[in-house]
Each structure stands twice: as structure tokens, then as C-alpha cells.
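K.L.:
Take this sequence and fold it.
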Amino acid sequence: FSSPPEVQQAILARAAHPTYGYTGVEDDDHLALANVWKRRHGLDVAIEDVTLIPCVVTGLKLAITALTQPGDGVIITSPVYGPFRFSVQATGRTLMDAPLIHRDNGRYDMDLDAIEAQLKAGAKLMMLCNPHNPVSRLWSREELQRVSEICLKHNVLVVSDEIHNDLVYAGEHTIYASLSPEDEQNCIICTAPSKTFNIPGLITSNIFV
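P.N.:
Numbering: from 1, shown residues only. The predicted structure is shown next:
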């Protein structure tokens with residue numbers, strides 16, 4: 001799908017400026033982002049909680065590096081976007097998989113018992129793809145609350161990749177941080193405008209902490 005005309009016009013206007021220096025990040029940028037998430041998803045994000053980064057994969061690696069030590073276990077739920085696995089391996093952490101359950105009707109569900117088993121085995125971080133890529137599951141609030149209960153019980157933080165939050169055909173996207181005030185403080189949300197507006201080539205993303 002083509003990017004929106006407003007995006008094309010903004011790029012053309014920027015390209016007309018004769019200086020192509022480094023990008024400066026201003027408070028207005030953080031405020032605009034916070035306003036979008038408030039308007040579209042009802043999430044209250046303070047501008048000091050927003051950090052702009054090059055891409056979501058950078059956010060995954062930053063979170064793994066900041067929150068775990070080399071050798072620590074990190075949970076993924078395969079099949080999942082390849083860089084989840086690569087990010088764990090590239091940072092010298094131990095991959096702990098809790099594969100999704102593939103039903104006879106083609107639907108995928110989270111295996112909560114497998115997630116808890118990996119937490120009991122010592123995993124230090126949970127990586128969540130919400131909505132899930134590539135199985136196209138829009139996780140319900142109830143499903144995410146079950147994940148939350150397990151992770152809070154084991155005192156493990158959740159890194160939630162929510163880059164596909166606007167691509168929902170039926171139902172409503174549930175932001176992991178919106179589950180409860182406790183969950184808001186127990187997660188990092190990685191997002192980007194790249195999927196919504198088809199602008200991955202602009203290399204811009206953000207994390208909410």
C-alpha cells in the first residue's frame with residue numbers, strides 16, 4: 001500500500017531543505033507521539049517516558065541488554081518474527097522458547113503452561129509480540145492478563161513489540177501497559193509508525209518505558 005499523501009508531502013518538503021544533517025529530537029516530537037497514542041489507543045504516556053530509536057529491533061536488543069545479564073534466559077513464543085530469536089542470541093543470552101499451540105482449525109494460542117515452565121526454569125525476561133507476527137493473532141485482554149499474572153508472580157518484566165497495533169481487522173488491540181498500573185511499570189513497549197504508514201525506510205521507532 002502507498003504511504004499517505006501527507007507523508008509524501010512532508011518528505012518532499014524536508015528534501016527541499018539544503019542541509020541533510022543529523023536528526024534532532026525535540027520535546028514536540030515526544031509530545032506528538034504521546035498525543036497519537038492517547039487519541040488512538042487511550043494510553044497516557046508522559047513525554048519523559050518516550051525514547052526515539054532507529055527501529056523496534058534496536059529496542060528489543062536494548063531492553064535485553066539493560067534488563068538481563070549474559071547467559072540469562074529470555075522467553076520467546078515461536079513461531080515469531082525472526083529478530084526476536086536473533087536479538088536474544090546476538091546479546092549472548094539463553095533462548096527459552098514457549099511455542100504457541102497450533103490448533104486443528106489453524107488458530108494459534110499462547111501456551112501459558114509452557115511460559116510458566118520457562119519462568120520456573122529461571123527465565124529473566126519475557127518477549128511478547130502483540131499483535132503476533134507472523135501468525136496474525138490479536139491477543140485478547142484476557143489472554144494478556146494471564147501472561148501478566150504469571151510474569152508478575154515470577155517478578156519478570158515483559159518487552160512487548162506492538163508495531164502492528166493499528167493493523168487490526170476485527171476486535172481491538174490491547175496495549176500491554178494498559179492492563180493495570182502494575183503492568184505499566186512492569187513492561188517496555190516497542191512501537192513504530194513503519195507498519196501503519198508504510199515508512200520502514202525512514203528508520204524511526206520508539207520505546208515507552
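K.L.:
how much space between A13 and G71?
P.N.:
Distance, A13 to G71, using C-beta to C-beta, to the nearest Å: 49 Å. The C-beta positions use only the backbone N, C-alpha and C, and glycine is treated the same way.
K.L.:
same deal with L167?
P.N.:
In this structure, L167 and G71 are 36 Å apart, going by C-beta to C-beta.
K.L.:
how about the longest helix seen in the chain as PDB, C-alpha atoms only?
P.N.:
Assignment by DSSP state H gives helix 27-41 as the longest helix of the chain. Taking C-alpha atoms only, helix 27-41 is exported to PDB below (Å, rounded to 0.1, in the frame of the first residue of the first chain):
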ATOM      1  CA  ASP A  27      10.000  17.700  23.100                       C
ATOM      2  CA  ASP A  28       7.500  18.400  20.400                       C
ATOM      3  CA  ASP A  29       8.300  15.100  18.800                       C
ATOM      4  CA  HIS A  30       7.700  13.200  22.100                       C
ATOM      5  CA  LEU A  31       4.500  15.200  22.700                       C
ATOM      6  CA  ALA A  32       3.200  14.400  19.200                       C
ATOM      7  CA  LEU A  33       3.800  10.700  19.700                       C
ATOM      8  CA  ALA A  34       2.200  10.700  23.200                       C
ATOM      9  CA  ASN A  35      -0.800  12.500  21.700                       C
ATOM     10  CA  VAL A  36      -1.300   9.900  19.000                       C
ATOM     11  CA  TRP A  37      -1.300   7.000  21.500                       C
ATOM     12  CA  LYS A  38      -3.700   8.900  23.700                       C
ATOM     13  CA  ARG A  39      -6.100   9.700  20.900                       C
ATOM     14  CA  ARG A  40      -5.900   6.300  19.100                       C
ATOM     15  CA  HIS A  41      -5.500   3.900  22.000                       C
END
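K.L.:
Relative to the whole chain's centre, how far out is that helix?
P.N.:
Distance of helix 27-41 from the chain centroid (C-alpha atoms, centre = their mean, to the nearest Å) equals 17 Å.
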